[in-house]
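Novice: Have a look; sequence and predicted model below, questions after that.
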Amino acid sequence: MRVLLALLCALAALPATAEPVVGVWQTEPDKKSLVAHIEIAECGEALCGMIKNAFNAAGQQVVTPNVGKRLFWGLQATGTGKYENGTVWVPLRDVTARAKMTRSGDTLEVVGCKGIICDGQTWTRVN
């Protein structure tokens with residue numbers, strides 16, 4: 001019984017784990033009707049994301065200066081599919097904002113906040 005109690009106490013002390021988001025995600029269309037594939041990876045003890053590819057409304061890959069740039073960084077798992085305390089770069093506005101994400105299955109709610117104003121998108125898993 002003592003061993004079980006010790007194990008339960010040890011498990012309770014572990015940080016909450018979140019659903020893994022490492023992989024490639026597709027954004028919603030932006031104001032130019034482009035979608036992007038964002039590659040999310042572990043960067044140290046946090047997550048970061050890079051713009052891997054961009055596509056027009058017809059699904060054709062397009063060349064844009066944003067491909068290869070870091071889109072967000074510093075996101076940390078806080079449990080139950082939630083990631084917070086990161087920074088996101090908004091290419092259309094060329095600003096950075098506080099970032100957070102919530103994963104639910106194959107969708108990822110991504111939100112950036114600048115002051116009290118927040119905006120976001122729902123991304124879908126590509127792989």
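Specialist: Ah, there it is. Numbers count the residues shown, from 1 in each chain.

Novice: Please name every helix or strand in contact with the helix or strand where residue 101 lies.
Specialist: Secondary structure assignment for residue 101, by DSSP states H and E: strand 95-104. Here strand 95-104 touches strand 70-79, strand 82-90, strand 107-114, going by 3 or more CB pairs under 8 Å, 6 or more residues apart in numbering; DSSP states H and E. (Glycine included, C-beta is placed from N, CA and C.)

Novice: can you list these in TSV and add distance to residue 38, mean pLDDT and mean neighbour count?
Specialist: Below are the helices and strands packed on strand 95-104 laid out as TSV (distance: least, CB to CB, whole Å; pLDDT from 0 to 100; neighbours: other CB atoms under 10 Å):
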stretch	distance to residue 38	mean pLDDT	mean neighbour count
strand 70-79	6	95	18
strand 82-90	11	96	18
strand 107-114	9	96	18
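
Novice: Kindly indicate whether residue 28 is helix, strand or coil.
Specialist: Here residue 28 is coil, with the state taken from DSSP: H, G, I helix; E, B strand; the rest coil.

Novice: where does this protein have low pLDDT?
Specialist: Along the chain, segments meeting pLDDT under 70 span 1-19.

Novice: Excluding sequence neighbours, find me the nearest residue to the residue sitting nearest the centre point of it.
Specialist: Compute the mean C-alpha point of the chain, and by CA atoms, centre = their mean the closest residue is residue 101, 5.4 Å away. Leaving aside its chain neighbours, residue 101 sits nearest to residue 83 (4.4 Å; criterion: CB to CB, 6 or more residues apart in numbering).

Novice: One more: residue 63?
Specialist: Leaving out its chain neighbours, the residue that sits closest to residue 63 by CB to CB, 6+ apart is residue 54, at 7.8 Å.
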